[in-house]
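> For reference, the sequence and a predicted model appear below.
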Amino acid sequence: MDNAAIAHNATPDPLISASLSSFASELRLDDVPDPVCQCAKLHMLDAIGIALASSTEKFALQIVGALSGLAGRGDYPVIGFPHKLPIRDAVLANGALIHGIDFDDTHSAGVIHVSASALPMALAAAQSIAGTGKDVLLAYLICVETASRIAIAAKGGFHVKGFHPTGMVAAFGAVLGVGRLWGLTEPELAHAQGLVLSKASGSFEFIEDGAWNKRFHPGWAVAAAITACALAKAGVIGARKTYEGRYGLFKSYLGDAWQADLSACTAGLGSKWEMLAVALKPYPVCHFNHAFIDAALALRKDYSIAPDQIESIQALIGKDQIGIVCEPEANKRRPQNAYDARFSLPFAIATALIHGRLTMNEIADSAIHDHRVLGLCDHTTYAIDDTSAYPRHYSGTLVIRLRDGRTFSHREEINRGSTEKPLSKDDVLDKFRQTACKALPAAKVEKTIRDVLDLESLTGVDAFVSALAPAVSSTALREMA
């Protein structure tokens with residue numbers, strides 16, 4: 001008997017990869033409570049709207065144009081674009097579109113953007129088997145439930161160590177979603193997880209200079225997952241101790257000093273639904289900034305604060321969040337581009353105080369040189385909040401001192417959009433209309449809402465994605481390529 005046969009016939013063991021494989025293989029939509037399915041569909045709709053909004057941005061033209069020139073035509077739709085790409089390039093593009101303006105959802109405790117990988121994966125995997133809307137929903141939920149748990153186990157450590165779980169961890173959830181729809185056996189699913197361990201990646205170095213690396217992370221995760229599943233299905237052997245091994249995910253990325261909670265990877269699978277703990281974003285910036293935006297808006301309204309009255313602004317923030325949105329301090333006060341501005345706490349606070357809102361318009365390239373906003377950035381500092389609820393909630397306190405000596409403060413303990421402070425269904429639909437209308441006419445926006453909310457009735461995945469009208473012409477894409 002060869003090594004492959006031995007590996008595939010091995011006695012089941014309690015390794016994490018085996019437990020996750022069993023969950024992915026056995027889950028049925030009938031097992032999922034209806035509120036979880038309804039929540040999932042709203043998050044999928046949210047992600048589609050963000051992708052449509054992104055499709056009108058220059059970065060999207062550059063990314064999709066480059067991929068088109070490299071890979072040529074394929075069979076898989078890119079949201080908001082007029083042509084199709086090969087499967088791995090299509091998921092890379094769709095992941096970048098969903099994640100590209102940092103408006104996509106976040107699993108709070110895991111600190112991971114799950115839909116940016118789960119949705120491109122589910123659409124492509126379902127299309128590859130001529131599947132249905134039910135297949136999309138099932139694969140999406142498998143990815144969300146598993147990736148979220150793996151991220152939770154790190155207890156925020158990936159971010160502290162400079163790794164982006166949206167790129168790293170999502171690869172494992174995506175493997176399980178793709179593998180389920182492709183009919184991989186449980187041993188093959190375990191091998192696929194072991195194989196993707198060597199492809200899971202995501203560096204936070206982009207945070208230093210506003211580079212675009214982060215936009216690619218969720219799509220790379222899905223492309224890696226598709227590759228790993230194809231290899232495992234063909235009998236290629238992957239590492240067994242993917243998560244708990246001497247060089248497994250947690251020890252390689254966190255080191256021995258950081259104690260991950262490995263039990264979290266499988267805790268409550270099939271009974272406790274992490275889908276319900278994924279927070280939607282009301283603002284198109286890093287989720288760490290949201291509590292401070294709401295605090296700034298509340299202070300501005302409650303005390304009629306005018307920007308020219310402000311002497312100083314101090315943000316009290318969790319210590320493990322500082323490296324992402326507060327440092328290096330000089331850079332955060334002068335974002336180099338609109339993408340860089342999305343990860344600047346001073347810029348977010350100043351924008352909210354100056355404009356009384358923070359939408360895609362206030363975070364555009366044309367807005368980042370506003371001297372009024374930059375002036376307030378210079379008056380903004382931060383300090384460690386010892387009472388921060390991070391990572392369960394992205395809480396924050398804002399203290400504003402006026403030139404006349406008065407001081408006002410406001411604390412947001414729970415970030416809006418999270419489980420304990422959720423956006424309503426109407427809020428989500430309004431957000432979708434605002435994002436999707438940048439690329440689609442009103443009639444198609446409403447049809448997309450109906451199609452996604454009735455996803456279980458969808459019979460043609462390719463037709464559904466292809467029906468999302470192109471936002472740019474084929475000529476424009478050729479020019480960008």
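Ah, there it is. Numbering: from 1, shown residues only.
> Just confirm residue 151 contacts residue 111, I think it does.
Yes. Here residue 151 reaches residue 111: they are 6.5 Å apart, a contact under C-beta atoms under 8 Å. Glycine gets a C-beta too; all of them are placed from N, C-alpha and C.
> the more surrounded of these two?
Just comparing residue 151 and residue 111: by other C-beta atoms under 10 Å the higher neighbour count belongs to residue 151, 30 against 27.
> Quick one: name whatever helix or strand follows whichever strand or helix holds the more buried one.
Here residue 151 sits within helix 133-153, counting by DSSP states H and E. Moving toward the C-terminus from helix 133-153, the first helix or strand encountered (DSSP H and E) is helix 157-160.
> average pLDDT for that next one?
The average pLDDT for helix 157-160 rounds to 93.
> And for it, what's in contact with it?
With contacts defined as C-beta atoms under 8 Å, 6 or more residues apart in numbering, helix 157-160 is touched by 111, 151, 164-165, 168-169, 204, 253-254, 258, 260, 320, 323-324.
> Low-confidence bits of the stretch 251-400 of the chain, can you list those?
For the stretch 251-400 of the chain, no stretch is flagged by pLDDT under 70.
> and with 90 instead?
256-257, 364-368, 391-392 (pLDDT under 90).
> Strands along that one, start to end?
For the stretch 251-400 of the chain, applying DSSP state E, counting those that start in this stretch gives strands covering 278-279, 310-317, 380-384, 396-402.
> between the ones you listed, which gets nearest to residue 240?
strand 278-279 (30.0 Å; C-beta to C-beta).
> and the closest one, which strands flank it?
strand 106-107 (antiparallel) (DSSP bridges).
> For the partner strand, give the mean pLDDT please.
96.
> Can you get me a residue count around the closest residue to residue 328 other than its chain neighbours?
Counting by C-beta to C-beta, 6 or more residues apart in numbering, the nearest residue to residue 328 once its immediate chain neighbours are dropped is residue 208, at 7.2 Å. By other C-beta under 10 Å, 12 other residues sit near residue 208.
> And residue 445, by the same measure?
Neighbour tally, residue 445, other C-beta under 10 Å: 20.
> quick one on the thing from earlier: please spell out the PyMOL selection for the buried subset of the contacts of helix 157-160.
To isolate the buried ones among these in PyMOL, judged by 16 or more other C-beta atoms under 10 Å, type:
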select buried, resi 111+151+164+165+168+169+204+253+254+258+260+320+324
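> Among the contacts of helix 157-160, which lie within helices?
Residues of those located in helices (DSSP state H): 151, 165, 168, 253-254, 323-324.
> Correct me if wrong, but residue 47 is in a helix.
Yes. Judged by DSSP: H, G, I helix; E, B strand; the rest coil, residue 47 forms part of a helix.
> surely it meets residue 105?
Yes. Between residue 47 and residue 105 a contact is recorded at 7.3 Å, counting by C-beta under 8 Å.
> If you count surrounding residues, which of those two has more?
residue 47 (32 against 25).
> what about residue 112, distance to residue 402?
Relative to residue 402, residue 112 is positioned 39 Å away (C-beta to C-beta, to the nearest Å).
> out of the two, which sits in the more crowded spot?
Comparing residue 112 with residue 402 by other C-beta under 10 Å, the one with more neighbours is residue 112, at 30 against 16.
> First-to-last residue distance for stretch 253-264?
Stretch 253-264 has an end-to-end distance of 17 Å (C-alpha to C-alpha, to the nearest Å).
> Likewise for stretch 77-88?
End-to-end distance (C-alpha to C-alpha), stretch 77-88: 11 Å.
> Run through who's touching it.
48, 51-52, 54-56, 60, 64, 67-68, 71-76, 90, 93-94, 97-98, 123-124, 128, 223, 226-227, 439, 462, 465-466, 468-474, 477.
> give me every residue that touches residue 240.
By C-beta under 8 Å, 6+ apart, the contact set of residue 240 is 15, 17, 190, 194.
> got CSV for the residues you listed, with pLDDT, neighbour count and distance to residue 179 too?
Rendered in CSV, the data for the contacts of residue 240 read as follows (pLDDT from 0 to 100; neighbours: other C-beta atoms under 10 Å; distance: C-beta to C-beta, whole Å):
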residue, pLDDT, neighbour count, distance to residue 179
15, 97, 19, 16
17, 98, 30, 11
190, 98, 31, 10
194, 98, 25, 12
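> Report the two of these separated the most.
The two members of the contacts of residue 240 with the most space between them (C-beta to C-beta) are 15 and 194, at 9.9 Å.
> which neighbours do the two share?
What both residue 15 and residue 194 touch, as defined by C-beta under 8 Å, 6+ apart, is the set 240, 242.
> Name the nearest residue to the residue most central in space within the chain, ignoring sequence neighbours.
For the chain, residue 113 is the residue whose C-alpha lies nearest the centre (C-alpha atoms, centre = their mean; 2.2 Å). Leaving aside its sequence neighbours, residue 113 sits nearest to residue 166 (C-beta to C-beta, 6+ apart; 4.4 Å).
> measure that neighbour to residue 340 for me?
Separation of residue 166 from residue 340 (C-beta to C-beta) stands at 18 Å.
> Which of these two has more residues huddled nearby?
Neighbour totals were compared for residue 166 and residue 340, and residue 166 leads with 29 against 21 (other C-beta under 10 Å).
> Quickly list the domain ranges of the protein.
The chain breaks down by automatic domain parsing into domains covering 3-279, 287-412.
> Go through those domains and pick out the most buried.
domain 3-279 (a mean of 22; mean count of other C-beta atoms under 10 Å).
> hmm, who's touching the host helix or strand of residue 191?
Under the criterion of DSSP H and E, residue 191 resides in helix 186-196. Helix 186-196 has contacts (C-beta under 8 Å, 6+ apart) with 7-10, 12, 15, 17-18, 20-22, 24-25, 171-172, 175-176, 179-180, 184, 224-225, 227-229, 231-233, 236-240, 242.
> Format the contacts of helix 157-160 as CSV; extra columns: distance to residue 429.
As requested, those are exported to CSV (distance: C-beta to C-beta, whole Å):
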residue, distance to residue 429
111, 27
151, 28
164, 30
165, 29
168, 32
169, 29
204, 33
253, 38
254, 39
258, 41
260, 38
320, 34
323, 35
324, 30
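> quick one: which of the contacts of helix 157-160 is nearest to residue 276?
Residue 276 lies nearest to residue 151 out of these, by C-beta to C-beta, at 15.6 Å.
> Next one: the closest one relative to residue 225, how far apart?
Here residue 151 is placed at a distance of 15 Å from residue 225 (C-beta to C-beta).
> Residue 467 too?
Distance from residue 467 to residue 225, by C-beta to C-beta: 26 Å.
> And residue 377, by the same measure?
Separation of residue 377 from residue 225 (C-beta to C-beta): 39 Å.
> what does residue 205 give?
23 Å.
> what's the answer for residue 49, then?
24 Å.
> and what of residue 176?
8 Å.
> again with residue 180
11 Å.
> Tell me who's in contact with the nearest residue to residue 410 once chain neighbours are set aside.
Nearest in space to residue 410, with sequence neighbours left out and distances taken as C-beta to C-beta, 6+ apart, is residue 295 at 4.3 Å. For residue 295, the contacting residues are 396-398, 410-412, by C-beta under 8 Å, 6+ apart.
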